[in-house]
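Student: Return atomic coordinates for the entry below.
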Amino acid sequence: MLENKLQGNNLYTFHHINGLTPPFQNGTISHRGHIFSKHYCFTPLLHGNSTWEWQPLACAPKKLYFVLGVREWTYAICLLIAILSMFIVLMVYLMCSEMRNSFYGVAIKAYTICMILGYALLAYLTLHNPANLSNAACRILPSLALMNLVLSFYILSFIAFKLYLSFYGVVFTKLMFWLIFTPIVLVAVGWSFFVGFSYYGSRLIFGGDTCWFDPRNWSIMIYLYAPVFVACAISGFFYVLSQIYIRDQPDIETEKSFESIEKNRFRSFWKYVGYTAVVWVVCICSFAFNYYWENRSHLNYAVSFCMAFHGFAALYALIGKNQQIQNFLRRIDNGEDTCENSVPLSSFG
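Tutor: Numbers count the residues shown, from 1 in each chain. Purely as a prediction, here's the structure:
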């Protein structure tokens, strides 16, 4: 069988063969009243005893079959570990009176909720055959996963921005917080909605053989990793500004506990951001390697173990290295009252 693929305006030398018309400007052909577009091939067809003609046939790209093996189960289990770790962080920040109503505490809680939902949806999509999901579910679920993952990175950028302002004594009111946070959420929702109804080439981004980004093309790099990179660039910008501010300060012991708390938050937060960046760099590189070696999958064991590492990193940096959280846990261990220091919700420090 002779395969012929005409795309765009790349026209080949073509002759009339038994009613077969030359390709149109967009690469389609017409034969006996039927239109064949983009992908088609030719096969010889016998008419009578001695007459042959070229018959065009529609060709579909190779189907991506659903696989649920050890690699997929390992990935799902590692996502579950990350989800449980994020849930522990969420519960601790909810219980800690000093963090519960602060800007940093509210932002971290919003971040962990996004990660829990995003990772839970990824695990669900990994373990379920797209053929068993409706067309609507195969577009809505990955769109929701994309929304939560992208939003989580822009929450980190928002925290980086606020930590930088904290060095100058800026305190967000509740109104200021929502005036900045709400557009971030709307952008993430709009982006996921746009991707869910967009095409990559001739195919829907979500739907068909897979209910996530198709590993046979670069759509995940454009629609997930690109916005993540932008969020990381924004965070990195405020990190550099913060480091410049710290460098220019005199090297003396501070009397204000507020400043020491902010510096401790800064260090623990950026430890976590660094670990998160490592995890996602591994995911990007793994996909690039898989694509180069024609292993049509987003997954390998490095990606799976990095998901579990991401959860442990949250426990280590956001709980283990946070001074306020550690003081709160010590008070619980000593049986002291943990509600006496609760602060009002009128402002976010």
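Student: Mind checking which residue lies nearest the centre of this protein?
Tutor: L149 (4.0 Å; Cα atoms, centre = their mean).
Student: Would you mind splitting this protein into its domains for me?
Tutor: The chain breaks down by automatic domain parsing into domains covering 2-58, 75-348.
Student: these two touch, right, the residue nearest to the centre of the chain and L117?
Tutor: No. With contacts counted by Cβ atoms under 8 Å, L149 stays clear of L117, the gap being 9.2 Å. C-beta here means a position set from N, CA and C on the backbone, and glycine is covered the same way.
Student: quick revisit: return the backbone torsion pair for the residue nearest to the centre of the chain.
Tutor: As for L149, its main-chain torsions (degrees, to the nearest 10) stand at phi -70, psi -50.
Student: now it: how far from V189?
Tutor: 13 Å (Cβ to Cβ, to the nearest Å).
Student: can you map out the helices along this protein?
Tutor: 70-95, 97-100, 103-127, 137-166, 174-196, 219-220, 226-248, 257-292, 301-314, 323-333 (DSSP state H).
Student: Go through those and find the least confident stretch.
Tutor: Across these, helix 97-100 has the smallest mean pLDDT, namely a mean of 80.
Student: For that helix, name the packing helices and strands.
Tutor: helix 70-95, helix 103-127, helix 323-333 (3 or more Cβ pairs under 8 Å, 6 or more residues apart in numbering; DSSP states H and E).
Student: Would you mind finding the most buried of those?
Tutor: helix 103-127 (a mean of 21; mean count of other Cβ atoms under 10 Å).
Student: How far off centre is that helix?
Tutor: Its chain's average C-alpha position is 11 Å from that of helix 103-127, according to Cα atoms, centre = their mean, to the nearest Å.
Student: tell me what it is packed against?
Tutor: Packing contacts for helix 103-127, counted by 3+ Cβ pairs under 8 Å, 6+ apart, involve helix 70-95, helix 97-100, helix 137-166, helix 174-196, helix 301-314.
Student: Got phi/psi on the closest residue in space to N290 that isn't next to it in sequence?
Tutor: Closest residue to N290 apart from its sequence neighbours, by Cβ to Cβ, 6 or more residues apart in numbering: S297 at 5.6 Å. Note on S297: its backbone torsions stand at phi -160, psi 150 [degrees, to the nearest 10].
Student: And for S297, the neighbour number?
Tutor: The number of residues packed near S297 is 18, by other Cβ atoms under 10 Å.
Student: for N129, same thing?
Tutor: Residues near N129, counting by other Cβ under 10 Å, number 11.
Student: unless I'm mixing things up, it is touching L64, no?
Tutor: No. With contact defined as Cβ under 8 Å, N129 does not reach L64; the gap is 11.8 Å.
Student: joint contacts of the two?
Tutor: Residues touching both N129 and L64 (Cβ atoms under 8 Å, 6 or more residues apart in numbering): none.
Student: rewinding a little: let's have the domains of the chain in CSV, adding distance to L68.
Tutor: Shown next, in CSV, are the domains of the chain (distance: least, Cβ to Cβ, whole Å):
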stretch, distance to L68
domain 2-58, 29
domain 75-348, 7
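Student: ranking these by burial, who's on top?
Tutor: In terms of average neighbour count - mean count of other Cβ under 10 Å - the standout among the domains of the chain is domain 75-348, at a mean of 17.
Student: next one: it to chain centre, how far?
Tutor: 10 Å.
Student: C232 versus Q243, what's the distance?
Tutor: 16 Å.
Student: ditto for I319
Tutor: For I319 relative to C232 (Cβ to Cβ), the value is 23 Å.
Student: With Y65 instead?
Tutor: From Y65 to C232 the distance is 34 Å (Cβ to Cβ).
Student: Tell me which residues touch L163, please.
Tutor: Y104, F238, S242, E262, R265, F266, F269.
Student: Turn those into JSON lines, including distance to T112.
Tutor: Shown next, in JSON lines, are these (distance: Cβ to Cβ, whole Å):
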{"residue": "Y104", "distance to T112": "13"}
{"residue": "F238", "distance to T112": "21"}
{"residue": "S242", "distance to T112": "23"}
{"residue": "E262", "distance to T112": "21"}
{"residue": "R265", "distance to T112": "16"}
{"residue": "F266", "distance to T112": "19"}
{"residue": "F269", "distance to T112": "13"}
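Student: ok, so of those, who is nearest L94?
Tutor: Y104 (13.5 Å; Cβ to Cβ).
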